[in-house]
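Novice: I'd like to go over a predicted model; first the sequence, then the structure.
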Amino acid sequence: MRIPRRLRSREPGWTTTADVIVVGSGVAGLTTALRLRRRVARVLLVTKTVLDEGSTAWAQGGIAAVMSPEDSAAEHVIDTLVAGVGLCDIEAVETLVREGTDAVWDLIALGAEFDRGDTGQISLTREGGHHRDRILHAGGDATGKEISRALIAALKRVQDDPGIEVIEHALVVDLLTDAASRVCGVTLHVIGEGQVDGVGAAHARAVVLATGGLGQIYASTTNPPVATGDGMAAALRAGATLADLEFVQFHPTVLWLGEGSLGQQPLISEAVRGEGAFLVDGEGVAFMQGQHPLADLAPRDVVARAILRRMRETGTDHVFLDCRHLGAEFLERRFPSIVDRCRELGFDPATELLPVAPAQHYASGGVKTDLRGRSSLEGLYACGETSCTGVHGANRLASNSLLEGLVFARRIADDLTARLTAGELPETAPVDPGGDRELLRPKRRLTVQRAMTAGSGTVRSAASLDATELALAALSVRAADGDGGRKGGPKSWETTNLLHLGHALTRAALLREETRGGHVREDFPDRDDARFLHHVLLSRSTTGELMTRVLEVPPENLVGLDLDQAADPRRETVGQE
Ligand code: SIN
């Protein structure tokens, strides 16, 4: 299967120009744009639907940061490295943690209101893999919504500023590149009025992709419908390097709504377990006890694997979360949105067991960047879930994602400011890259999702991954034959993006013949540090082949880490609170 350089679309009917284009309006995109404003002459922020529609607003649990005198940066770093199962970039993790606390205080100064205790101190809780209370939350279980609200309010305060323009309902189709393969803008489709309507071209000295994740590649996910990997797919087609795509995080406790439930599913935050809820099987056995020193609060991949194992052993498709002992008053106060949603769907967490099963939640990999957010293509940056900075390794530690978006957005804005001021990244003209253009019709989306879920999902094997590759290759032939028509539209571009990323993800998963973090192979059930202490890098050749390389991880990455979490005298074991 080949990957084309561009999707099929109309030729741009309008153009606009900026210094920097920021694509996406979650925590990463908004933070980048706000910090760039006034430092560079013209920032263009484009978002696929409306400003608060992306994954950030759905984040429940919170944002992790060292805020308590009982906590330390060293401990947050160790927890992150252990969760990442040996594949984190230590420098990236240290940067995240070191700069995270100030970034959170700046967010508070900007107007974000986190939950506080009786004496006014910020309330901190715990989630899987954390050995300290370090998760800030807002509105109980609506942290992302509050962060999104605060950032959008800050943007609205400067809306009339000529230095920043916002275009909503704008789907980025592809990246524009110049004769030297530098990224110099995007093609985008805007559902608007007047001049900025239909397909256009936005030219810029740099582009920042902050388009979130790719959850819609699977039949069920906690991600919103907009999470179709548009930024990652456009970067792949343009020749950028992607990394760690095989490490997909399946959240252990997603409300199970019955076989065949499609699309975005309700998340039951890990913070509910942080407050004492625990998993049981159909017989009422609390099966996480004895599996890991942290039991129900083990890192997310460990809990998800234990659930899958228990489901297989008992021949069921879900297990249960027991929150009943926490009581209605506490649950309603601490988790108002979750309780409301469960009750709307006919489940009362205060009186009933909640049926749960793992579902796709987060892409730990993405567009590979350095610590300044620069990708392998000059002029292209990536931030947040779209990126792979190295902080997550094989499995992201809970509540590190909002923090990553915040910290690396600031670094990107600072790097861009310095480079543009120094006259780097000059304006250049795009060239027509030629070559094939593909398009799948929207109704093929379910075929992509089913192939990915069956073969490249929670549990994989060589046979299942081969079957997925074959199914995707058949779709690719259709796409090349003009399946989606000549002009395209948002749904067909999204569907084709899912196809291209599905191909890359499945290839990476085939190459990794071991089980580590979010990547589970039933034919290779153990971790294999001797063969697979490396990252799988993916990129498109100039003729459209998917090329893979490995990037070795220095063995010192493992020094001092107990990835199996055997008893560690430095750490207390967390029981149920
Ligand atoms: C959750 O609340 O369990 C999700 C938090 C996260 O994804 O980090």
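Specialist: That came through fine.
Novice: CA only for contacts and neighbour counts going forward, please
Specialist: Noted.
Novice: Quick check: the residue nearest the centre of the chain vs Thr125, distance?
Specialist: Nearest to the mean C-alpha position of the chain, by CA atoms, centre = their mean, lies Glu385 at 3.3 Å. Distance, Glu385 to Thr125, using CA to CA, to the nearest Å: 23 Å.
Novice: With Glu332 instead?
Specialist: Distance of Glu332 to Thr125, given as CA to CA: 17 Å.
Novice: Looking at the two, which is more packed in?
Specialist: A direct count of neighbours by other CA atoms under 10 Å for Glu332 and Thr125 places Thr125 higher, at 20 against 17.
Novice: What are the phi and psi values at the more buried one?
Specialist: Backbone torsions for Thr125, taken as degrees, to the nearest 10, come to phi -130, psi -170.
Novice: So what's the residue count around the residue in the stretch 351-500 of the chain that the ligand sits nearest to?
Specialist: Of all residues in the stretch 351-500 of the chain, Ser399 sits closest to the ligand, at 3.3 Å by CA to the nearest ligand atom. Other residues lying near Ser399 total 25 when counted by other CA under 10 Å.
Novice: list the contacts for it?
Specialist: Ser399 makes contact with Gly61, Gly62, Ile63, Ala64, Glu127, Ile135, according to CA atoms under 8 Å, 6 or more residues apart in numbering.
Novice: The last one: neighbour count?
Specialist: As a burial measure, the neighbour count of Ile135 was computed by other CA under 10 Å and equals 24.
Novice: The fourth one too?
Specialist: Counted by other CA under 10 Å, the residues lying close to Ala64 total 29.
Novice: Give me the spatial nearest neighbour of it, chain neighbours excluded.
Specialist: The shortest distance from Ala64 to any non-neighbouring residue, by CA to CA, 6 or more residues apart in numbering, is to Ile135 (4.4 Å).
Novice: Contacts only, for the nearest residue to Asp528 once chain neighbours are set aside.
Specialist: Distances taken as CA to CA, 6+ apart place Glu514 nearest to Asp528, at 5.9 Å, with adjacent residues excluded. Residues in contact with Glu514 (CA under 8 Å, 6+ apart) are Val520, Arg521, Phe524, Pro525, Asp526, Arg527, Asp528, Phe532.
Novice: circling back to that earlier point, of the contacts of Ser399, which pair is most distant in space?
Specialist: Ile63 and Glu127 (10.4 Å; CA to CA).
Novice: quick one, helices of this structure?
Specialist: 27-36, 73-83, 90-110, 143-157, 230-238, 270-274, 300-314, 328-334, 336-344, 400-421, 445-455, 462-480, 490-511, 529-532 (DSSP state H).
Novice: Of those, which stretch is the most buried?
Specialist: The highest mean neighbour count among the helices of the chain, using mean count of other CA atoms under 10 Å, belongs to helix 230-238: a mean of 28.
Novice: Low-confidence ranges, the stretch 401-550 of the chain, go.
Specialist: Judged by pLDDT under 70, the stretch 401-550 of the chain has no weakly predicted residues.
Novice: quick one on the thing from earlier: export the helices of the chain to JSON lines and tack on distance to His169?
Specialist: Formatted as JSON lines, the helices of the chain follow (distance: least, CA to CA, whole Å):
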{"stretch": "helix 27-36", "distance to His169": "15"}
{"stretch": "helix 73-83", "distance to His169": "36"}
{"stretch": "helix 90-110", "distance to His169": "26"}
{"stretch": "helix 143-157", "distance to His169": "16"}
{"stretch": "helix 230-238", "distance to His169": "14"}
{"stretch": "helix 270-274", "distance to His169": "32"}
{"stretch": "helix 300-314", "distance to His169": "34"}
{"stretch": "helix 328-334", "distance to His169": "34"}
{"stretch": "helix 336-344", "distance to His169": "27"}
{"stretch": "helix 400-421", "distance to His169": "22"}
{"stretch": "helix 445-455", "distance to His169": "21"}
{"stretch": "helix 462-480", "distance to His169": "25"}
{"stretch": "helix 490-511", "distance to His169": "10"}
{"stretch": "helix 529-532", "distance to His169": "42"}
